[in-house]
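Enquirer: Structure, please.
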Amino acid sequence: MTATVTALTALTGFVRDRAADLDLGHTDIRADIGEIGSSGLLSAGLGGSDIREITEVVEKVAGESLAAGFSLWAQRMSLEYLCRAPGPVRDRYLDELASGRLIGVTAMAAALKHLAGLGELPLEADGTAGGRVSGPIAWASNVFDDSVIVFPFRGSDGRGRVGVVGADAAGVHIRPAPELLALSATASTGLTFEQVEVGADQLVTADLPGFCGAIRPVFLLLQSAFCTGIAGTAVQESGTRLDGLGAQFRDEYRLLADRYTTARQALYDHAADAHATPPADLLRLRLEAARLAVEATRLESTLCGGAGYALRCGTNRRFREAAFLPVQSPSEGQLRWELSQYN
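Expert: Coordinates of the predicted model:
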């Protein structure tokens with residue numbers, strides 16, 4: 001673990017103190033992203049293959065609030081995308097994103113699904129000189145009026161590209177955010193593009209397959225980190241409740257704790273050289289980490305009993321937050337399908 005201990009300790013305390021209000025919708029994730037940015041931890045190891053430091057940051061933050069950890073992942077992925085953009089595009093956005101003053105939206109799930117052979121890119125450019133893009137983004141997070149959106153689209157020649165626009169750009173329509181079981185503070189919703197101009201100075205890459213091959217290891221490992229973050233807290237809390245009737249769950253707890261330790265070790269082994277990890281190993285870890293989070297939060301809820309049913313209780317919040325992970329893109333169905341292609 002390489003993150004500055006003092007900075008990370010202060011940061012997790014900040015997130016912990018806000019977690020309940022964040023969950024209840026009394027605030028949103030912008031203050032958390034700003035705090036992470038001002039700590040200097042948001043851009044740790046950016047663009048490199050050793051991502052252990054940012055992995056630890058995501059994991060620790062998610063252990064206090066999955067909403068904050070999830071939005072941190074989205075912010076960091078926006079940085080990962082734009083640090084690979086041409087100089088003028090990179091220079092326009094990178095510092096503001098790294099500081100947390102500008103919030104980033106990652107809308108790249110459709111690209112990864114498309115490249116896995118599971119659908120076409122829903123955003124498409126017409127043949128005009130400005131490259132006007134239209135179509136839907138089914139789901140994205142960190143969607144505020146002043147956010148910046150990184151998205152995949154089909155050019156008029158049919159080739160995949162990646163562009164970047166402000167959420168306030170002409171033709172960008174943000175759908176009203178739905179009420180969610182948890183994570184409402186992440187400003188997650190759908191969008192529609194209607195003739196949104198994406199010129200050459202807004203192009204991140206014209207090589208979608210190569211670009212996604214470069215960012216996907218970080219994408220999946222940092223998702224695994226927010227899964228192990230919430231799972232670790234649930235395992236720790238469960239371990240304090242194994243007396244009395246809780247003794248009936250000791251074997252189940254030990255199995256979960258062993259799986260958690262194994263998954264976390266694999267996470268940091270892979271994070272030491274993200275781009276050297278075989279794709280199937282990334283998928284297996286992401287699938288296992290999400291399953292662990294769901295099972296660990298369920299065990300914590302069971303052991304906590306009726307007290308864990310209170311809305312402002314951390315146990316209740318973690319149980320609801322983890323319920324999102326099987327459908328978070330790539331969903332459990334997509335992960336299992338992709339892994340079946342390696343058999």
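Enquirer: Check what contacts stretch 267-286 and list those residues.
Expert: Counting contacts by C-beta atoms under 8 Å, 6 or more residues apart in numbering, the residues outside stretch 267-286 that touch it are 1, 49-52, 55, 59, 214, 216-218, 220-221, 223-225, 227-228, 263, 266, 289, 330, 335, 338-339, 342. In short, each C-beta sits where N, CA and C put it, glycine included.
Enquirer: All the helices of this protein, residue numbers only.
Expert: Per DSSP state H, the chain has helices spanning 5-23, 30-39, 52-64, 66-82, 87-99, 109-115, 208-238, 250-271, 279-304, 314-322, 332-340. These are given in chain order.
Enquirer: Nearest approach to residue 45 belongs to which of those?
Expert: Evaluated with C-beta to C-beta, those place helix 52-64 nearest to residue 45, the distance being 5.2 Å.
Enquirer: Dump that closest one to CSV, restricted to CA.
Expert: Only the C-alpha atoms of helix 52-64 are listed here, as CSV (Å, rounded to 0.1, in the frame of the first residue of the first chain):
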residue,chain,number,x,y,z
ARG,A,52,-1.8,0.1,-6.4
GLU,A,53,-2.0,3.6,-4.9
ILE,A,54,-5.3,4.7,-6.5
THR,A,55,-6.6,1.1,-5.9
GLU,A,56,-6.1,1.6,-2.2
VAL,A,57,-7.8,5.0,-2.3
VAL,A,58,-10.9,3.7,-4.1
GLU,A,59,-11.0,0.7,-1.8
LYS,A,60,-10.8,2.7,1.4
VAL,A,61,-13.3,5.3,0.3
ALA,A,62,-15.8,2.6,-0.8
GLY,A,63,-15.3,1.0,2.6
GLU,A,64,-16.9,4.1,4.1
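Enquirer: Tell me the helices and strands packed up against it.
Expert: Helices and strands in packing contact with helix 52-64 are listed as helix 5-23, helix 30-39, helix 66-82, helix 208-238, helix 250-271; criterion 3 or more C-beta pairs under 8 Å, 6 or more residues apart in numbering; DSSP states H and E.
Enquirer: Just name the most buried of those.
Expert: helix 66-82 (a mean of 27; mean count of other C-beta atoms under 10 Å).
Enquirer: among the helices and strands packed on helix 52-64, which is nearest residue 137?
Expert: Between residue 137 and the helices and strands packed on helix 52-64, the shortest gap by C-beta to C-beta is with helix 66-82, which sits at 13.1 Å.
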